[in-house]
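*Asks:* From the sequence below, what's the structure:
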Amino acid sequence: MPDQPPLPSTPAPDAVRVAGLRLERGGRAILSDIDLVVPRGSITAVLGPSGSGKSTLLAALTGELQPAAGSVEVLGAPLPTRRRELLALRRSIGVLLQGNGLLTDLTAAENVALPLRTHTGLPKPVIARLVEMKLHAVGLRAAAELYPRELSGGMARRVALARALALDPPLMIYDEPLTGLDPIASGVIMSLISRLNASLGLTSIIVTHHVHETLPVVDRALVTAGGRIVFSGTPDELEGSTDPLVRQFLRGEPDGPIPFDTTPRDDGRSESAPAGTRQAA
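*Replies:* Numbers count the residues shown, from 1 in each chain. This is a model prediction of the structure:
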């Protein structure tokens, strides 16, 4: 019989797909009309000034915050609403918190082992070997017995990254991974994120306001401001954008369409200060 032509392969679904998303906190809209696609294997940066809803978007992707409207799909399926299914999905999502979240009374190795002990029934020798591999992946195998207080800021961030990778999640979310780090440590972290994404076949979403350190390693970027996405495209397209909101954010200008500060209202909501003004501290 003649050889049969190979069947066409079905492309893998996007890692994240968001459509018409509206997110609220306390009855107030934080983000509206959000459309987002994160292809598998990519690194996507979510950029924007403080208070623009970046971390709120992450809360929706992990199921911590339920949408007021719209849909969220993660790893090819709608985000579960039942607690058991949601917890199962979260094991497929690694999250690196900006505060690291390391337990101070545990060594680096014990911190990395924690999710393995909690979520698997693996024997201790296997867990020990996996911990060694994760610490080696972030360049800290020699620091296994150190406590968080004995680690520099950059080292602690890498231990937290090793812990986030412990369960081999296909999707990694980084919440302000460069906060509190010096330029050298920031470069190490961004290089590590890029290398791990490629070598482990991950999909990564980086939420940050550190534009210039982040853009060299990402495939796509989006900018949030004023409760919406004001830009979505490649890093080169972002650098060439003429949108006033985008230009002000990229250049760090205090005067422009993005207000510098906010004034609280009596009802608990906030009111934007006029563009180009500063309020007394």
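*Asks:* where do the helices sit along this structure?
*Replies:* Remark: helices of the chain, listed N- to C-terminal, are 54-61, 83-90, 108-119, 124-137, 153-164, 183-200, 211-214, 235-239, 244-251; assignment by DSSP state H.
*Asks:* show me what contacts the closest residue to Pro235 other than its chain neighbours?
*Replies:* For Pro235, the nearest residue in space outside its immediate sequence neighbours is Leu215; the separation is 4.3 Å by C-beta to C-beta, 6 or more residues apart in numbering. The C-beta positions use only the backbone N, C-alpha and C, and glycine is treated the same way. For Leu215, the contacting residues are Ala45, Ala221, Pro235, Leu238, Glu239, taking C-beta atoms under 8 Å, 6 or more residues apart in numbering as the criterion.
*Asks:* With pLDDT and neighbour count as added columns, please give the residues you listed in TSV.
*Replies:* Shown next, in TSV, are these (pLDDT from 0 to 100; neighbours: other C-beta atoms under 10 Å):
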residue	pLDDT	neighbour count
Ala45	95	25
Ala221	94	23
Pro235	93	17
Leu238	91	23
Glu239	88	13
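*Asks:* Next, format those as a markdown table and append distance to Leu161.
*Replies:* Supplementary listing: these in a markdown table, determined by distance: C-beta to C-beta, whole Å:
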| residue | distance to Leu161 |
| --- | --- |
| Ala45 | 17 |
| Ala221 | 21 |
| Pro235 | 22 |
| Leu238 | 25 |
| Glu239 | 27 |
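*Asks:* So Ala108 is in contact with Ala142, correct?
*Replies:* No: with contact defined as C-beta atoms under 8 Å, Ala108 does not reach Ala142; the gap is 9.9 Å.
*Asks:* and those two? which has more neighbours close in?
*Replies:* Ranked by neighbour count (other C-beta atoms under 10 Å), Ala108 and Ala142 place Ala108 first, with 29 against 10.
*Asks:* Just the pLDDT for the more buried one.
*Replies:* For Ala108, the model assigns a pLDDT of 97.
*Asks:* Then Gly48?
*Replies:* pLDDT recorded at Gly48 is 84.
*Asks:* so it touches Phe249, yeah?
*Replies:* Yes: when contacts are counted by C-beta under 8 Å, Gly48 is listed as touching Phe249 (6.9 Å).
*Asks:* quick one: low-confidence ranges for the stretch 151-281 of the chain?
*Replies:* When residues are selected by pLDDT under 70, those of the stretch 151-281 of the chain lie in 253-281.
*Asks:* Need the overlap of contacts for Gly48 and Phe249.
*Replies:* Joint contacts of Gly48 and Phe249 (C-beta under 8 Å, 6+ apart) are Val223, Ala225.
*Asks:* Excluding residues flanking it in the chain, which one is nearest Gly154?
*Replies:* Leaving out its chain neighbours, the residue that sits closest to Gly154 by C-beta to C-beta, 6+ apart is Ala185, at 3.1 Å.
*Asks:* What is the burial count for Val114?
*Replies:* Wrong residue type there; residue 114 is Leu, not Val. The local packing of Leu114 (other C-beta under 10 Å) involves 17 other residues.
*Asks:* got it, and Arg40?
*Replies:* 17.
*Asks:* how near is it to Val138?
*Replies:* From Arg40 across to Val138, the span is 23 Å (C-beta to C-beta, to the nearest Å).
*Asks:* now do Lys54
*Replies:* If you measure Lys54 against Val138 using C-beta to C-beta, the figure is 24 Å.
*Asks:* what's the answer for Val95, then?
*Replies:* In this structure, Val95 and Val138 are separated by 16 Å, where distance is defined by C-beta to C-beta.
*Asks:* Which of these two has more residues huddled nearby?
*Replies:* Taking neighbours as other C-beta under 10 Å, Val95 and Val138 compare with Val138 leading, 24 against 19.
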